[in-house]
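1. pasting the sequence and the predicted coordinates here, then a few questions.
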Protein chains: 2
Amino acid sequence: MKFTPIIDKLPSTVPFVGPEALERRSGAAIAARIGANESVFGPSPKAVAAMREAAAESWQYGDPENFALKDSLAKHLGVTPQQVVPGEGIDGLLGLVVRLFIDPGDVVATSFGAYPTFNFHVAAAGGRLVTTPYVNDHEDVDGLIALAKREGAKLLYFANPDNPMGTVWPAATVQRLIDSVPEQCLLLLDEAYVEFAPAGTAPAIDVGRRNVLRFRTFSKAHGMAGIRVGYAFGHEEVISAFDKIRNHFGISRVSQAAAIAALADMAWVEDVAAKVASARARIGAIAVANGLTPLPSATNFVTIDCGRDGAYARAIVDGLLGHGIFIRMPGVAPLNRCIRISCGRDADLALLSDALPQVLARLG
Amino acid sequence: MKFTPIIDKLPSTVPFVGPEALERRSGAAIAARIGANESVFGPSPKAVAAMREAAAESWQYGDPENFALKDSLAKHLGVTPQQVVPGEGIDGLLGLVVRLFIDPGDVVATSFGAYPTFNFHVAAAGGRLVTTPYVNDHEDVDGLIALAKREGAKLLYFANPDNPMGTVWPAATVQRLIDSVPEQCLLLLDEAYVEFAPAGTAPAIDVGRRNVLRFRTFSKAHGMAGIRVGYAFGHEEVISAFDKIRNHFGISRVSQAAAIAALADMAWVEDVAAKVASARARIGAIAVANGLTPLPSATNFVTIDCGRDGAYARAIVDGLLGHGIFIRMPGVAPLNRCIRISCGRDADLALLSDALPQVLARLG
């Protein structure tokens, strides 16, 4: 009994250590959960009501065609239902798209230090990951284009706004990327945080283009990371291919109901975005008051340059955890000179404001 | 931009047509939803309460390690948490196990006419499916052993009780299968319906054996098809490999809470099993009253031999749909001389009892 050769070489891993695992390790409860870019402002009350109502109907499978959800998404985006596919989070959809296109040895391009879960899926398919560094804490659009061309990449992953740095390119720059991606390469444009970005961030939706697939989610601005619903939209030919391999009943009945209700309450998203903007400013002020440098953010988190190396940033992350504050940090140099703090409620940020100077003082 | 050669050849398909799709096509609501082997008796009220409570917490990701759920499952099964892995339904777990073991051309053995979603996953991996027919409407244990040996199968799928036929083998027979599976072949023992089967159906749990993986679910006896949680248990070495490729946040927060609450209310499952037994008897009586032959069932459905060919059975399925009754039928001959009716409430079965003679009379 043997695993496939590719599987055999992979590590068994959970790409992100959840706050629950940290609580189990330390034995202490987390008081401020501001590390996973969840929305502490929660889901729309209408979505919560829809979930509660759907709970008792959970004896029924959810619709495997996600008909009503696709219909809502299509109207929301101004596309047809054939041009959008929901899935178990952007994570799940990225896993599927890698399987649609990548055979062992095929090349996949991304920025060095970008989304680890995407790289995890590429490794599982035996893809060859090639990277170009961030430049000034931004993904390097021209560098990515050159990399994809030079290496003959089949997929190019690009997030705008970016995670983990929180930086953003305007629509014109993204459009230049879209226009420059080689025909044989599919651009994966991850817009998980787009609802928090300034107007003029998202390029116009053009599902006529075969080699661009865009991803959005209910995890961030809609405040429902826990329901596991993301969606991809693009050319019908690519979208329909998901039906070749997806787990058709994969989105729970409660989650489908929640997503549909959330789309009908975009006022909630606008309200959350305003609260996020205010929390971003507060986090920035706390950083500055402590001699650290917040990067400008177009997301629901603020990445803060701590001015030294990865070990120092790690010590701050660990130090804050000792105060019951869960935050995260980028994984590789030079990004890992930073810490990443998700927008919290006033109470969360008050804890941060209180603990951060103590942690820094201890570290010296 | 090219799909992988394997993907390129696959059809875009949804393996099961959901009742929602049937309603959309016909424009008429389904009055009796007794086709997908869902549990009309619903989830435990404790599970519903847990879902309602978890709804508002859905701004948080679910625990990617599923720690609490694994702990509950381990206690329930008498194994360690390292010997069990929950996933997005048995469907999702079957997809993962195929990817762990099957490279293009690798052989997978199953019964001809068994679970189509498993075959769907095998096709996506480029596996070569080999089959042996049902014998007397039972999966052919000796035939499967011989097939796996002869073809050098890497995976052998076997469901007990069986779907779509509802038949069952006693533990001793299953144990013989377990003992006879070649060392280089992993037996996938699908026990989705085991809670409905007679005592003495499930062989003793032995997670010391590397080449047996067993699957159970919250979709059937627990009455929560809509939450999408199944689980696999077996040897630690195989279980830990799921972490190499699974969608770590794939099980929603609400679903994790629901599953944990359901496991704490096994009295509900016993009560449901009793109601199912009574509904089985009623369906059998309706069949007999209409000159059809119910097969003995160890599941929450009854498969009924209609005595003619697949076209006749299809006409009955379609005819009942015209009366607002959703049922299904096996996909291939000779199994498709049958229809398959899930256990319904009294009201559902009253509709069936009323409509079936009318449909048969029309067909002549």
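-> Arrived safely, thanks for sending.
2. so which residues on the stretch 201-350 of chain A come close to chain B?
-> Contact residues (C-beta under 8 Å from any C-beta of the partner chain) of the stretch 201-350 of chain A with chain B: A:210-211, A:219, A:223-228, A:240-245, A:247-255, A:258. Using the backbone N, CA and C atoms, a C-beta is placed for each residue, glycine as well.
3. what sits against A:Gln60?
-> Counting by C-beta atoms under 8 Å, 6 or more residues apart in numbering or on different chains, A:Gln60 makes contact with A:Arg253, B:Arg33, B:Ala36, B:Glu38, B:Ala225, B:Gly226.
4. most neighbours, which of those?
-> When neighbours are taken as other C-beta atoms under 10 Å in any protein chain shown, the top entry among these is B:Gly226 (30 neighbours).
5. surely that residue and A:Asp63 touch.
-> No: with contact defined as C-beta atoms under 8 Å, B:Gly226 does not count as touching A:Asp63 (9.9 Å).
6. what helices and strands are in contact with the host helix or strand of A:Arg150?
-> Take DSSP states H and E as the rule and A:Arg150 turns out to sit in helix A:141-151. Judged by 3 or more C-beta pairs under 8 Å, 6 or more residues apart in numbering or on different chains; DSSP states H and E, helix A:141-151 is in contact with strand A:107-111, strand A:128-132, strand A:155-159, helix A:171-180.
7. strand A:107-111 and that one, what's the angle between them?
-> 160 degrees (axes from the mean of the first three to the mean of the last three C-alpha atoms, to 10 degrees).
8. on that earlier part again, any of the residues of the stretch 201-350 of chain A next to chain B buried? List them.
-> Among those, the ones that count as buried by 16 or more other C-beta atoms under 10 Å in any protein chain shown are A:211, A:219, A:223-228, A:241-245, A:247-255, A:258.
9. could I get the pLDDT score of the most centrally placed residue in chain A?
-> Nearest residue to the geometric centre of chain A (C-alpha atoms, centre = their mean): A:Ala192, 5.0 Å. A:Ala192 carries a pLDDT value of 98.
10. show me what contacts the nearest residue to it once chain neighbours are set aside?
-> Leaving aside its chain neighbours, A:Ala192 sits nearest to A:Thr217 (4.9 Å; criterion: C-beta to C-beta, 6 or more residues apart in numbering or on different chains). Each residue near A:Thr217 by C-beta under 8 Å, 6+ apart is listed here: A:Gly89, A:Ile90, A:Ala192, A:Val229, A:Gly230, A:Tyr231.
11. rerun that using 6 Å as the cut-off
-> A:Ile90, A:Ala192, A:Gly230 (C-beta atoms under 6 Å, 6 or more residues apart in numbering or on different chains).
12. ok, now A:Val84?
-> Residues near A:Val84 by C-beta under 6 Å, 6+ apart: A:Lys70, A:Leu73, A:Ala74, A:Tyr231, A:Phe233.
13. and chain A, what are its domains?
-> Annotated domains of chain A cover A:13-42+A:267-363, A:45-264 [automatic domain parsing].
14. deepest of these, which one?
-> With neighbours defined as mean count of other C-beta atoms under 10 Å in any protein chain shown, the domains of chain A peak in mean count at domain A:45-264, which reaches a mean of 21.
15. endpoints of that domain, how far apart?
-> 11 Å (C-alpha to C-alpha, to the nearest Å).
16. and A:Ala350, what element?
-> Going by DSSP H and E, A:Ala350 is in helix A:346-363.
17. how about the helices in the stretch 151-300 of chain A?
-> A:171-180, A:236-241, A:253-263, A:266-289 (DSSP state H, counting those that start in this stretch).
18. could the ones you listed be laid out in CSV, adding mean pLDDT?
-> What follows is the helices of the stretch 151-300 of chain A, written out as CSV (pLDDT from 0 to 100):
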stretch, mean pLDDT
helix A:171-180, 98
helix A:236-241, 97
helix A:253-263, 98
helix A:266-289, 98
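19. separation between the spatially closest residue to A:Glu236 that is not a sequence neighbour and chain B?
-> Here the nearest residue to A:Glu236 in space, its sequence neighbours aside, is A:Gln82; by C-beta to C-beta, 6+ apart that works out to 4.8 Å. According to C-beta to the nearest C-beta, to the nearest Å, A:Gln82 stands 11 Å off from chain B.
20. for A:Met329, see how far away A:Val174 is.
-> From A:Val174 over to A:Met329 the distance is 26 Å, taken as C-beta to C-beta, to the nearest Å.
21. correction: the previous question concerned A:Gly291.
-> For A:Gly291, the distance to A:Met329 - C-beta to C-beta - is 18 Å.
22. same deal with A:Val141?
-> Counting by C-beta to C-beta - A:Val141 and A:Met329 are separated by 24 Å.
23. just A:Gly364 next, same as before
-> Distance of A:Gly364 to A:Met329, given as C-beta to C-beta: 19 Å.
24. give the bridge partners for A:Phe233, please.
-> Going by DSSP bridges, A:Phe233 is paired in beta bridges with A:Val84, A:Arg214.
25. same question but for A:Arg128, I mixed them up
-> Counting by DSSP bridges, A:Arg128 is bridged to A:Val107.
26. that one and chain B, how far apart?
-> A:Arg128 is 14 Å from chain B, by C-beta to the nearest C-beta.
27. and stretch A:142-162, C-alpha only, in PDB?
-> Output in PDB follows, covering the C-alpha atoms of stretch A:142-162 (Å, rounded to 0.1, in the frame of the first residue of the first chain):
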ATOM      1  CA  ASP A 142       6.200  43.800 -13.600                       C
ATOM      2  CA  GLY A 143       8.300  41.200 -11.900                       C
ATOM      3  CA  LEU A 144       5.400  38.700 -11.900                       C
ATOM      4  CA  ILE A 145       4.700  39.300 -15.600                       C
ATOM      5  CA  ALA A 146       8.300  38.800 -16.500                       C
ATOM      6  CA  LEU A 147       8.500  35.700 -14.300                       C
ATOM      7  CA  ALA A 148       5.400  34.100 -15.800                       C
ATOM      8  CA  LYS A 149       6.700  34.700 -19.300                       C
ATOM      9  CA  ARG A 150      10.200  33.500 -18.600                       C
ATOM     10  CA  GLU A 151       9.200  30.400 -16.800                       C
ATOM     11  CA  GLY A 152       6.100  29.500 -18.900                       C
ATOM     12  CA  ALA A 153       3.900  29.600 -15.900                       C
ATOM     13  CA  LYS A 154       0.400  27.900 -16.300                       C
ATOM     14  CA  LEU A 155      -0.900  29.800 -13.300                       C
ATOM     15  CA  LEU A 156      -0.100  33.200 -11.800                       C
ATOM     16  CA  TYR A 157      -1.400  34.000  -8.300                       C
ATOM     17  CA  PHE A 158      -1.800  37.700  -7.400                       C
ATOM     18  CA  ALA A 159      -3.700  39.200  -4.500                       C
ATOM     19  CA  ASN A 160      -5.000  42.700  -4.600                       C
ATOM     20  CA  PRO A 161      -5.200  44.100  -1.900                       C
ATOM     21  CA  ASP A 162      -2.300  41.900  -0.700                       C
END
